[in-house]
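A.B. asks: What would the 3D arrangement of this be:
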Amino acid sequence: MEPWRLLAHRHWFTLRVFGLELRLCSRCSGYLAGLLLTASRSATGLQALPVQRQLIICVLLAMPLIIDWLTQSWGLREGGNATRFTTGAMMGMGVSLYSGTGLSPGLRGTLFASVALTVVLVGSIGLKIRRHGILNDAS
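C.D. replies: Below you'll find the predicted structure:
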């Protein structure tokens, strides 16, 4: 296995650094950019909002990535690296802001894990349906 695949997954862009090629995953790079962009959560003013509104903002920032990933995983459409980077950045901002919400750390972790597991399960079900040709037969 080529070592760059650990950083690139299946969809990557290539940076040239000192004559070397570095392939990075588009979505993960966007995610990291979003995390770094909102690393100073105190500058966002999100903590001044009620917890319910904080959560709504975090969910709204995460939804584009979830929809993008699910629709691509299920074979409903093909995305590009620009979309992957953008949705990754939005997710990174949402996760960074989520870590600063007024929820207790235990509840925050449980909620995050529950949502992540649900998305992965829905994606897995879609992949199984796609492999068995059910989604393709419907069109």
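A.B. asks: The biggest helix by length in the chain - contacts with which helices or strands?
C.D. replies: The longest helix of the chain (DSSP state H) is helix 105-131. If you count contacts as 3 or more Cβ pairs under 8 Å, 6 or more residues apart in numbering; DSSP states H and E, helix 105-131 packs onto helix 51-73, helix 134-138. Backbone N, C-alpha and C define where each C-beta goes, glycine included.
A.B. asks: Let me know which of these is tucked in deepest.
C.D. replies: Highest mean neighbour count of the helices and strands packed on helix 105-131: helix 51-73, a mean of 16 (counted as mean count of other Cβ atoms under 10 Å).
A.B. asks: could I have that helix exported to PDB, CA atoms only?
C.D. replies: Below are the C-alpha coordinates for helix 51-73, written out as PDB (Å, rounded to 0.1, in the frame of the first residue of the first chain):
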ATOM      1  CA  VAL A  51     -28.200  25.700  24.000                       C
ATOM      2  CA  GLN A  52     -31.100  24.700  21.700                       C
ATOM      3  CA  ARG A  53     -30.100  27.400  19.100                       C
ATOM      4  CA  GLN A  54     -26.400  26.300  19.400                       C
ATOM      5  CA  LEU A  55     -27.400  22.800  18.600                       C
ATOM      6  CA  ILE A  56     -29.500  23.900  15.600                       C
ATOM      7  CA  ILE A  57     -26.600  25.800  14.200                       C
ATOM      8  CA  CYS A  58     -24.300  22.800  14.600                       C
ATOM      9  CA  VAL A  59     -26.800  20.500  12.900                       C
ATOM     10  CA  LEU A  60     -27.300  22.900  10.100                       C
ATOM     11  CA  LEU A  61     -23.500  23.100   9.500                       C
ATOM     12  CA  ALA A  62     -23.300  19.200   9.600                       C
ATOM     13  CA  MET A  63     -26.200  18.400   7.300                       C
ATOM     14  CA  PRO A  64     -24.600  19.300   3.900                       C
ATOM     15  CA  LEU A  65     -21.800  16.800   4.600                       C
ATOM     16  CA  ILE A  66     -24.200  14.100   5.700                       C
ATOM     17  CA  ILE A  67     -26.400  14.600   2.700                       C
ATOM     18  CA  ASP A  68     -23.400  14.800   0.300                       C
ATOM     19  CA  TRP A  69     -21.800  11.600   1.800                       C
ATOM     20  CA  LEU A  70     -25.100   9.600   1.800                       C
ATOM     21  CA  THR A  71     -26.100  10.500  -1.700                       C
ATOM     22  CA  GLN A  72     -22.700   9.700  -3.100                       C
ATOM     23  CA  SER A  73     -22.400   6.500  -1.100                       C
END
